[in-house]
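The following block contains a protein sequence and its predicted model.
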Amino acid sequence: PMSIETSIASLVEGETGQPYPYRQVELVEPDWTRFPGWRLVTAAEWESVQWQRAHCVKNVRQLRELMGDLLDERFYADLERDQAERATMSMLVPPQMMNTMVPHVVPSGPGSLTDAFYADPVRHYMIPVFSDRRTDWSSHPHATRDSLHEHDMWVAEGLTHRYPTKVLAELLPTCPQYCGHCTRMDLVGNSTPTVDKLKFVAKPQDRLGAMLDYLRRTPSVRDVVVSGGDVANMPWPRLESFLTSLLEIENIRDVRLATKALVGLPQHWLQDDVRAGMERVAGTARSRGVSIAIHTHANHANSITPVVARASRAMLDAGVRDVRNQGVLLNGVNADPHALLDLCFRLLDGAQIMPYYFYMCDMIPFSEHWRVSVADAQRLQHHIMGYLPGFATPRIVCDVPFVGKRWVHQLTSYDTERGISYWTKNYRTSIEATDADALTRTYEYYDPIHTLPVAGQEWWAAHADLDGAALKAAEVAEASRRTAALQAW
């Protein structure tokens, strides 16, 4: 799998004179009939959003029906154990996404796809298995269900007001596909054996009404990220009604629709009623001087296929200002300069999707095998500079709890031994209106412990069992000791 430790940059540089050789790549839809369960599926069925939704892979049994004996029994057992003991998200993989796994491997008999399937980058985050996860530190001691404290900042149910001029509107708690690393794993999707999901309490229309009421009486908010879940799971008439009401609010100048389905279920965005509806919404936005954009979520170049490009083109033709990608930096998926640049060029050249952000994976439970250190994220940012146009060079960002997005070089200080980076901010969140110290204190983000030097790993092994307050006190004491030692030196 792709990781910063397995970069092939030095080998390529010896051949080409550049660490990364740019090549235009023609997009290809992999042949879905290579999987036994889809041997007879027609192109018309594949293009149908109803067929796609009806044939999602939701459990081990359905994966076995699709793949048959092309995967060894050990893989199915590995997946079953993860679903029972580690998974924070239930399985939900549309055919479109399944088909981008092992796209270049030709089946050749029983078990022939097993090794490639284990190594596949899209599989690695969409269908995690127990053996993917770390056994030393499967979760960081500071991992939490709502790692970004979005619910603490709800000003109405599902409406997070974290930044001064921007809000996040979680319209619904479901998606057409569930990513294993989902940062909203405490709310989104079905409960799993390890996570009893939070449920919205109010009726949907009451929730959406309360969101709109807050925005009408809060003129400092100009930018709304309309998300969930995934807006592709909201019936179009209801979504259009909400967007129309949103566009009537004078202070709203930017609207962003968040949908991984543009990549995971592009057939949704190609439906005639959705395209026509988006044209109406975009026309209203344009007449009022409001920018409306779509933000999607692709993590690997293999996910960008012709049907994804068609869906992106359809939205741009409908009048959307831009389609942008917010990926997540994931070890085993894309934490490699070549993988990131391949994805960015595939997005930009092939699908007219703007590379925008790569978020570091948040500190949710059982995510340590995906996460990378801040130092590695900084190195990756360095390695991808200079190849893409400046306007399309993605920023790698750390979403720091109680702070928000920060470019990975914006940290204030960094204890690389214990993997603690310290960050500051220049605004108050909605829960800090009376907090005099909000703009002067530092906020912590934690590297995966397995990436630390031995001394750092030993420190965490000695302190990880402390409760939250005692652990934080031990961290402060150690930071003070180190500062004093440096000053004495």
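Thanks, I have the structure now.

Low-confidence ranges, the chain, go.
Applying pLDDT under 70 to the chain picks out residues 1-16, 482-489.

which non-adjacent residue is nearest Val155?
His161 (4.6 Å; CB to CB, 6 or more residues apart in numbering). No exception for glycine: its C-beta is placed from N, CA and C like everyone else's.

how close does that neighbour get to Val225?
As judged by CB to CB, to the nearest Å, His161 and Val225 stand 11 Å apart.

who touches both of those two?
Counting by CB atoms under 8 Å, 6 or more residues apart in numbering, the shared contacts of His161 and Val225 are Val167.

neighbour count winner among these two?
His161 (22 against 18; other CB atoms under 10 Å).

Who does whichever strand or helix holds the more buried one pair with, and is each partner parallel or antiparallel?
If you go by DSSP states H and E, His161 is part of strand 159-163. When pairs are called by DSSP bridges, strand 159-163 turns out to pair with strand 154-156 (antiparallel), strand 166-170 (antiparallel).

How many residues are close by the closest residue to Thr424 other than its chain neighbours?
Of all residues beyond its chain neighbours, the one nearest Thr424 is Thr412 (5.2 Å), with distances taken as CB to CB, 6+ apart. If you count neighbours by other CB under 10 Å, Thr412 ends up with 11.

which residues touch Thr412?
Contacts of Thr412 (CB under 8 Å, 6+ apart): Tyr422, Trp423, Thr424, Thr442.

how about the helices in the stretch 101-250 of the chain?
114-119, 121-126, 204-216, 236-247 (DSSP state H, counting those that start in this stretch).

can you put these in a markdown table and add mean neighbour count and distance to Glu475?
What follows is these, written out as a markdown table (neighbours: other CB atoms under 10 Å; distance: least, CB to CB, whole Å):
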| stretch | mean neighbour count | distance to Glu475 |
| --- | --- | --- |
| helix 114-119 | 17 | 37 |
| helix 121-126 | 25 | 30 |
| helix 204-216 | 17 | 36 |
| helix 236-247 | 18 | 42 |
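
of all these, which lies closest to Arg313?
helix 236-247 (19.0 Å; CB to CB).

and that closest one, what does it pack onto?
helix 204-216, strand 223-227, strand 254-258, helix 272-287 (3 or more CB pairs under 8 Å, 6 or more residues apart in numbering; DSSP states H and E).

how about the ones you listed in CSV, adding distance to Leu341?
Putting the helices and strands packed on helix 236-247 into CSV (distance: least, CB to CB, whole Å) gives the following:
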stretch, distance to Leu341
helix 204-216, 38
strand 223-227, 27
strand 254-258, 24
helix 272-287, 30
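
and Tyr356, which of these is closest to it?
strand 254-258 (10.2 Å).

what's next to the closest one, contact-wise?
222-228, 230-231, 243, 246-247, 285, 290-297, 326.

Which neighbours in the sheet does it have, and how are they oriented?
strand 223-227 (parallel), strand 291-296 (parallel).

Let me know which of these is tucked in deepest.
Most buried of those by mean neighbour count (mean count of other CB atoms under 10 Å) is strand 291-296; its value is a mean of 23.

what's in contact with that strand?
225, 243, 253-263, 281-282, 285, 315, 319-326, 353, 356.

Show me the contact partners of the next helix or strand along the chain from it.
Proceeding N to C from strand 291-296, the next assigned helix or strand is helix 306-318, under DSSP H and E. For helix 306-318, contacts defined as CB under 8 Å, 6+ apart pick out 27-29, 47, 96, 262-263, 266-270, 275, 278-279, 282, 294, 298, 322-323, 350-353.
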